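[1] Here's a sequence, model it:
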Amino acid sequence: MSLKDWLQRALREGWAVPHFNISNLEQFKAIVAACQKLASPVLIGTSEGEVDFIGLLQARALADAYKKETGLPIFLNADHFHSVERAKAAVDAGYDSVLIDLSKQPYEENVTGTKIVVEYAHKKNVDVEAELGYLVTDSSKIYTESFVIPPESLTKPDEAENFVRESGCDRFSPAVGELHGIAANTPQLDMERIANIRKRLPDSVAMVLHGGSGIPDEQMREAVRLGFNNVHVSTELRVAYTDALRAALKKYPQETAPYKYAADAVLAVQQKIEEKMKLFGSVNRI
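    Purely as a prediction, here's the structure:
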């Protein structure tokens, strides 16, 4: 099954394909272990910063190695690439999908840039995600302050319909009240907006929820029920990894072998991923 097949199945059956970001091999190992244990498909994402650290070709090689070893439906996504050139580079590197994120540009520039990437990617059977509306925070941060989401940052349902039609994107990410990272205040998703956007999109177009960290479980279940069939989580995995790694280094101050002190971090990330897979309903779908 292709990525698009999995996403359409998830929409029909009322669950979401999980998307988890990686910064290193340990996080990749944790994701694969969770997929094996719970029989879940997965999208693995690398942001521009993560790619600068790991490498496009290296991430592709890791995904291929794990797919060959496990037979799991593992798909690789270039997450929040902010230029046409970088998105094309991910396509050329063999990624299964790219998110061309021009959401902070004027509408027409967003459409034009997305169309260029769509035309380029589709020639190589690569799916394209795009965004309309924008999130006001950063996934690399844990905030101590609260945020008020400005209404103008949210996606308008009629513009969403037009954007998807004009751009030709395969997956669409609206802004519906979520936040990147984790803030002091609890996100409040606009369920009416979610429902209105979903019913304006063709079933062939997946709807993607970003900022999955910190959203209460009850809101997440409702968002998936209303039609989000792909959910991104990054910050919670970073926190789980970092907290466990710091604890291990404190517990074993004389240890110098990374594979020994990193094991606890891998397990912590795996446990968090398993929680999310159960929440999204992707368990036992293979």
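[2] CA atoms for contacts and neighbours, from now on please.
    Will do.
[3] In this protein, where's the longest strand?
    As assigned by DSSP state E, the longest strand anywhere in the chain is strand 74-81.
[4] can I have the helix or strand containing H232 written out in PDB, keeping just the CAs?
    Assessed by DSSP states H and E, H232 sits inside strand 230-233. The C-alpha trace of strand 230-233 is given here as PDB (Å, rounded to 0.1, in the frame of the first residue of the first chain):
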ATOM      1  CA  ASN A 230      -2.600  12.300   9.900                       C
ATOM      2  CA  VAL A 231      -1.200  13.700  13.200                       C
ATOM      3  CA  HIS A 232       2.300  15.100  13.800                       C
ATOM      4  CA  VAL A 233       4.100  14.800  17.200                       C
END
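[5] strands paired with the longest strand of the chain, and their directions?
    Sheet pairing for strand 74-81, assigned by DSSP bridges, gives strand 42-47 (parallel), strand 97-100 (parallel).
[6] Only the buried residues of that strand, if you could.
    Across strand 74-81, burial judged by 16 or more other C-alpha atoms under 10 Å covers I74, F75, L76, N77, A78, D79, H80, F81.
[7] Quick check: the second one touching I44?
    To tie it back to what came earlier, the one meant is F75. Yes. The pair F75 / I44 is scored as a contact, 6.1 Å apart, by C-alpha atoms under 8 Å.
[8] Go ahead and confirm N110 touches L102.
    Yes. If you go by C-alpha under 8 Å, N110 and L102 touch, sitting 5.1 Å apart.
[9] who touches both of these two?
    L132 (C-alpha atoms under 8 Å, 6 or more residues apart in numbering).
[10] Between those two, which is the more surrounded one?
    Taking other C-alpha atoms under 10 Å, N110 and L102 do not tie; L102 has more neighbours (24 against 20).
[11] which residues touch the more buried one?
    Going by C-alpha under 8 Å, 6+ apart, L102 touches H82, S83, E109, N110, G113, T114, A130, E131, L132.
[12] so of the residues you listed, which ones are in helices?
    The members of those that map onto helices under DSSP state H are E109, N110, G113, T114.
[13] Next, count neighbours for the first one.
    If I follow you right, that is E109. Counted with other C-alpha under 10 Å, residues neighbouring E109 total 13.
[14] So that it lines up with my notes, have the first residue be 39 from now on.
    In the new numbering, first residue 39, that becomes E147.
[15] show me the contacts for it.
    E147 makes contacts with L140, as judged by C-alpha under 8 Å, 6+ apart.
[16] Roughly how far does it sit from N115?
    Look at E147 and N115: by C-alpha to C-alpha, to the nearest Å, they are 22 Å apart.
[17] returning to that earlier point: any chance of TSV for the strands paired with strand 112-119, columns distance to L192, mean pLDDT and mean neighbour count?
    Shown next, in TSV, are these (distance: least, C-alpha to C-alpha, whole Å; pLDDT from 0 to 100; neighbours: other C-alpha atoms under 10 Å):
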stretch	distance to L192	mean pLDDT	mean neighbour count
strand 80-85	22	99	24
strand 135-138	18	99	28
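[18] could I get the ones you listed as CSV with distance to L41?
    As requested, these are exported to CSV (distance: least, C-alpha to C-alpha, whole Å):
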stretch, distance to L41
strand 80-85, 9
strand 135-138, 9
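[19] Tell me which of the ones you listed sits nearest to A278.
    With C-alpha to C-alpha as the criterion, A278 lies closest to strand 80-85 of the strands paired with strand 112-119, at 17.0 Å.
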